[in-house]
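Student: Here's my sequence, what's the structure:
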Amino acid sequence: MTTIYRSQASKDAEVSAQMATVRVQMRLTFSQLLIGLVTEGWITEAEGDAWLTGNALPASAVALVGTLPAPAQFAARARMLRMSEAVRMDPLVVALAAAEGKTDAEIDTFFTTYSGV
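Tutor: You can find the predicted model right below:
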């Protein structure tokens, strides 16, 4: 009988691949997203209210949009202001989270937690 030992790197790669598959499927409705962001303190309630009405984006989103190339800024604002769902692996979601210093694990936990709200 032959025993095969897998390296830790191999195990880590397998877990990473499994998480990538799960992340592609993670979604939140707009209301779930806002409830989570305000509850976690990632945006203020005032920012959440303004975003909810479609009149303004949170300061962190405005700052991120300002770093994009000029031709992409309007599209980013439009996508964020009229979002129907937040997709975990959407480049804007990933960029916003990274700009706030959130780790992949924190974002995964956020999506998992607030998908049930």
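Student: got the buried residues for stretch 26-33?
Tutor: Of the residues in stretch 26-33, 26-28, 32-33 count as buried by neighbour count, 16 or more other C-beta atoms under 10 Å. Glycine gets a C-beta too; all of them are placed from N, C-alpha and C.
Student: Just the CA atoms from that stretch would do, formatted as CSV, please.
Tutor: Output in CSV follows, covering the C-alpha atoms of stretch 26-33 (Å, rounded to 0.1, in the frame of the first residue of the first chain):
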residue,chain,number,x,y,z
MET,A,26,-21.7,35.1,-3.6
ARG,A,27,-24.3,37.9,-4.1
LEU,A,28,-26.2,40.3,-1.9
THR,A,29,-29.3,42.4,-2.8
PHE,A,30,-28.8,46.1,-2.6
SER,A,31,-30.7,46.3,0.7
GLN,A,32,-28.7,43.4,2.2
LEU,A,33,-25.5,45.2,1.2
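Student: Flag the shaky bits of this protein, pLDDT-wise.
Tutor: 1-4, 6, 8-16 (pLDDT under 70).
Student: you'd agree Tyr114 is up against Leu34?
Tutor: No. Contact criterion C-beta atoms under 8 Å: Tyr114 and Leu34 do not qualify, at 9.4 Å.
Student: Looking at those two, which is more packed in?
Tutor: Neighbours were counted for Tyr114 and for Leu34 using other C-beta atoms under 10 Å; Leu34 has more, 23 against 20.
Student: Contact partners for the residue nearest the centre of the chain?
Tutor: Note on the chain: the residue nearest the mean C-alpha position is Val93, at 3.9 Å, using C-alpha atoms, centre = their mean. By C-beta atoms under 8 Å, 6 or more residues apart in numbering, Val93 lies in contact with 86-87, 107.
Student: Pretty sure Gly28 sits in a strand.
Tutor: Careful, residue 28 is Leu; it's not Gly. Yes. Leu28: assigned to a strand according to DSSP: H, G, I helix; E, B strand; the rest coil.
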